[in-house]
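S.K.: What follows is a predicted structure for the sequence shown.
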Amino acid sequence: MTGNGTHQIQERLVLRSRLSDIAQVAAWIEDLASRYGIPGNVEFAMKLCLEEALSNVIRHGYPGAQDRFITVRFTVPHDAYFLFIVDDDAPLFNPLAAPALPVLNSLEETRVGGQGLRFLHQFADALEYEQLPNGNRLRIGFSTAGSTNPQK
């Protein structure tokens, strides 16, 4: 999945560092799904993962700052594979290096919040993090041909 810049950027969404801006994501992905023939289950996974990733950047990377920006790019590097690239200039944070949450064994153990990274690992087919000179880049990949995530 490593992006070497050779694939053409198809779409782009720029959001401000406000939780209310995340509402734009669902409609954007619905439009992408319609135009690119993305199946419903993949569309659901895309919405969930992007909303969680963006929420984490806004809540933890930009706490209280509403004038920063997050850029989300969408590309189709090859058939039946969709890639989102999320760039921010928040303090460095590699979500792939964060400690794994303990396995939940029952509904009673489930808690509200703190599940975003678990959802990313569970619903995305591929995840890559890159430290930028002034921020972070997270690549989130989705396949329609079956999971490419070795953890699944």
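M.R.: Nice, thanks for sending it over. Numbers count the residues shown, from 1 in each chain.
S.K.: Check this protein and tell me which residue is nearest its centre.
M.R.: The chain has residue 50 as the residue nearest its centroid, 3.6 Å off, counting by CA atoms, centre = their mean.
S.K.: Was I right to think it contacts residue 24?
M.R.: No: in this structure, residue 50 is not within contact of residue 24 by CB atoms under 8 Å, at 10.4 Å. For the C-beta atoms, the positions are set from N, CA and C on the backbone; glycine is no exception.
S.K.: In three-state terms, label residue 86 for me.
M.R.: Following DSSP: H, G, I helix; E, B strand; the rest coil, we place residue 86 in the strand state.
S.K.: Contacts only, for residue 137.
M.R.: Neighbouring residues of residue 137 by CB atoms under 8 Å, 6 or more residues apart in numbering: 85, 86, 87, 129, 130, 131.
S.K.: Quick check: bridge partners of it?
M.R.: Beta bridges link residue 137 to residue 87, residue 130, judged by DSSP bridges.
S.K.: mind checking how far residue 137 is from residue 127?
M.R.: Distance of residue 137 to residue 127, computed by CB to CB, to the nearest Å: 11 Å.
S.K.: Next: residue 117.
M.R.: Using CB to CB, residue 117 is found at 10 Å from residue 127.
S.K.: Return every residue with contacts to both of these two.
M.R.: In contact with both residue 117 and residue 127: residue 95, using CB under 8 Å, 6+ apart.
S.K.: so where's this structure shaky on pLDDT?
M.R.: For the chain, the stretches with pLDDT under 70 are 1-7, 9, 99-116, 146-152.
S.K.: ok, which stretches of the protein are strands?
M.R.: 9-16, 69-78, 81-88, 126-132, 135-143 (DSSP state E).
S.K.: Mind putting those strands into CSV with distance to residue 38?
M.R.: Shown next, in CSV, are the strands of the chain (distance: least, CB to CB, whole Å):
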stretch, distance to residue 38
strand 9-16, 12
strand 69-78, 10
strand 81-88, 6
strand 126-132, 16
strand 135-143, 8
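S.K.: in stretch 23-43, what counts as buried?
M.R.: Buried residues in stretch 23-43, counted by 16 or more other CB atoms under 10 Å: 25, 28, 29, 32, 33, 38, 42, 43.
S.K.: ok, and what's touching the helix ranked longest in the chain?
M.R.: What stands out as the longest helix in the chain, according to DSSP state H, is helix 40-56. For helix 40-56, contacts defined as CB under 8 Å, 6+ apart pick out 15, 19, 22, 25-26, 29-30, 32-33, 38, 70, 72, 82, 84, 86, 95, 115-117, 119-120, 123-124, 138, 140, 142-144.
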